[in-house]
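A.B. asks: Just to be clear, the model below is a prediction. Sequence and coordinates:
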Amino acid sequence: MKKVADYRKLLGVDKTVELKELKTIYRNLMKEWHPDKFNDNETAKLEAEEKSKEFIEAYNFLISIAPETLESFKEEYLHTITNASLIDYQYKARVLEVKYSDGSVYEYFDVPNNIYNKLLNSDVPGRFVRRNISGAFVYRKTANPASE
């Protein structure tokens, strides 16, 4: 979960941070590092632009895996993993990306290589994901079902 840890470190938060507090911290960092504050110094302005991009990326990522966010989409998630077929999956750098027939795509973080190998050897990958991955690893939704 290096990515998660790096984002938390960048924003100076731990895993117990609540959304409201995360938002406040993010806004304060963005105010401090807003590029418009550095109009008189081009180097500092460019650094502030890069920092701002990093803060935005970290904030959006951490919001997507926050317990409050996951809880608000829990019904949709459960519906997808129980009713939609698993159509594809990819594994890279301990991140498992799973695509479902309803168009949903989820990323599971810090999935060990041995678990991925068991998935590869599973007769029913969808069932394996439901039983061994969906409740055991931090996840986030990366794509929504296609509009009908």
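C.D. replies: Happy to help now that I have it.

A.B. asks: what comes up buried for the helix or strand where Leu119 lies?
C.D. replies: Counting by DSSP states H and E, the element that carries Leu119 is helix 113-120. Residues of helix 113-120 classed as buried: 115-116, 119 (neighbour count, 16 or more other CB atoms under 10 Å). Every C-beta, even on glycine, is put in place using the N, C-alpha and C of the backbone.

A.B. asks: Please apply the same query to stretch 79-89.
C.D. replies: So for stretch 79-89, counting by 16+ other CB under 10 Å, buried means 80-81, 84, 86, 89.

A.B. asks: cool, stretch 126-135 as well?
C.D. replies: 126, 128-129, 133-134.

A.B. asks: can you check stretch 26-41 too?
C.D. replies: 26, 29, 33, 38.

A.B. asks: before we move on, back to that, and the helix holding Leu119, how far out from the chain's middle?
C.D. replies: 21 Å (CA atoms, centre = their mean, to the nearest Å).

A.B. asks: which helices and strands does it pack with?
C.D. replies: Judged by 3 or more CB pairs under 8 Å, 6 or more residues apart in numbering; DSSP states H and E, helix 113-120 is in contact with helix 125-132.
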